[in-house]
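S.K.: Sequence plus the predicted model coming up.
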Amino acid sequence: MSNTTVPKTNNAPLKSFDEWEDFVKARYPEEGHPSSTKNQFQSNDPNKKLEQFRDYKAEARSSVKEFYRLNHTHQTLDYVLAKKRQYLSKTNRQMGIWEAMEFLNTLVDDSDPDTDLAQIEHLMQTAEAIRRDGHPRWFILTGLIHDLGKILCLYDEPQWAVVGDTYPVGCQYSERVVFAEFFADNPDSRNPQLQTKTGIYEEGCGLDNVNLSWGHDEYLYHVVKDYLPEEGLYMIRYHSCYVIHREHEYGYLMNEHDRQMFAWVDAFNPYDLYSKSTERPDVAALTPFYKELIAEYFPPKLGW
Ligand SMILES: [Fe+2]
Ligand SMILES: [Fe+2]
């Protein structure tokens, strides 16, 4: 395994992507998980839930808060459109899926290497958890590749433009986006046209017509969209959009097809969030199975 450390810059408040992912997991604890604080969430009292929601913000590490501050300040509509122009032509490199996994695996955090899983292990853990539950091969493959968009980080993109929960831009912000108060520093919040309920969109226009904040989900969706069933593509494109799939906000931008497909996003989310606590996968032993699975759906090289 390579041990290239991602250079720290002022725009890299997180020691590792795990810091953000652990925060999300704490915010959405698994039902029935012994280490979860789900009991406090099981109350039917909405005020109680809100109180706990605020607690998570209070308990967030300062690095996580700073990460959200940067994300919410800089993810303007113009920024998202510029990143789409930059990346969606997919001309940065030609690379196979397995190659991209190895490339991503060079992304080693500067936190403890014994406790922090390499990215390839998170991918295999997610896929193995899906396989254990008897899901179809495309679903297993979706689990395996769902975070490959994080290679954006290896193109020197700042952390806040690679990970973090995503949300619509170009219309009003939902208060259910965590640390929504940081949107006050986003220039779009001072543009009234971008702050109406539907903003630049139309009611029921469908999420395909909505720009979400830029990150690894949207990037990977465009890389793989010709090769996977639509259900898997929804999982990839929206897995970080907690404000829609967990908070059920922005329903007025969705169409009926989105609503049906989001059942698959919901089905995927537990595998992403909670498979990390399972045992470390034997990467070498599992490699032949996954290389064969990749070859079943993908060409040897694709544009990134
Ligand atoms: Fe992800
Ligand atoms: Fe993930």
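M.R.: Cool, the structure landed. Just so it is clear, the structure is predicted and the values come from calculations on it, not from any experiment. Ligands and ions are numbered 1, 2, ... in the order given.
S.K.: hey, let's count contacts and neighbours off CA atoms from now on
M.R.: Fine.
S.K.: tell me which helix or strand of the chain sits lowest on mean pLDDT?
M.R.: In the chain, the helix or strand scored least confidently by mean pLDDT, DSSP states H and E is helix 38-41, which has a mean of 34.
S.K.: dump the residue contacts of Val80.
M.R.: By CA atoms under 8 Å, 6 or more residues apart in numbering, the contact list for Val80 reads 211-214.
S.K.: how does it look with 6 Å?
M.R.: Trp214 (CA atoms under 6 Å, 6 or more residues apart in numbering).
S.K.: Can you say which helix or strand has it in it?
M.R.: With elements taken from DSSP states H and E, the one containing Val80 is helix 77-87.
S.K.: for Leu293, helix, strand, or coil?
M.R.: helix (DSSP: H, G, I helix; E, B strand; the rest coil).
S.K.: How many residues are close by the nearest residue to it once chain neighbours are set aside?
M.R.: In this structure, Leu293 finds its nearest non-sequential neighbour in Leu141, 6.8 Å apart by CA to CA, 6 or more residues apart in numbering. Applying other CA atoms under 10 Å, we find 24 residues neighbouring Leu141.
S.K.: tell me which strands and helices the strand or helix carrying Leu141 is in contact with?
M.R.: Using DSSP H and E, Leu141 sits in helix 137-145. Contacts defined by 3 or more CA pairs under 6 Å, 6 or more residues apart in numbering; DSSP states H and E place helix 137-145 against helix 119-132.
S.K.: what sits up against the helix it packs on?
M.R.: 105, 140, 143-144, 271-272, 275.
S.K.: For the residue at minimal distance from the centre of the chain, which non-adjacent residue is spatially closest?
M.R.: The C-alpha lying nearest the average C-alpha coordinate of the chain belongs to Ser240 (CA atoms, centre = their mean; 3.3 Å). Excluding the flanking residues, the one nearest Ser240 by CA to CA, 6+ apart is Asp165, at 4.7 Å.
S.K.: Compute the number of surrounding residues for the one you found.
M.R.: Using other CA under 10 Å, the number of residues around Asp165 comes to 24.
S.K.: ditto for Asn211
M.R.: Neighbours around Asn211, by other CA under 10 Å: 20.
S.K.: Output the longest helix belonging to this protein.
M.R.: If you go by DSSP state H, the chain has its longest helix at helix 256-274.
S.K.: for the record, mean pLDDT for that one?
M.R.: Averaging pLDDT along helix 256-274 gives 96.
S.K.: Correct me if wrong: the residue nearest to Ser240 contacts Cys241.
M.R.: Yes - using CA atoms under 6 Å, Asp165 is in contact with Cys241, at 5.5 Å.
S.K.: which of the residues in the helix holding Val80 are buried?
M.R.: 77, 80, 84 (16 or more other CA atoms under 10 Å).
S.K.: Now that we're looking at Trp219, what pLDDT does it have?
M.R.: If you look again at residue 219, you'll see it is Tyr, not Trp. pLDDT at Tyr219 comes out at 98.
S.K.: please renumber so the chain begins at 9
M.R.: I'll keep to 9 as the first residue from here, and by that count the last item is Tyr227.
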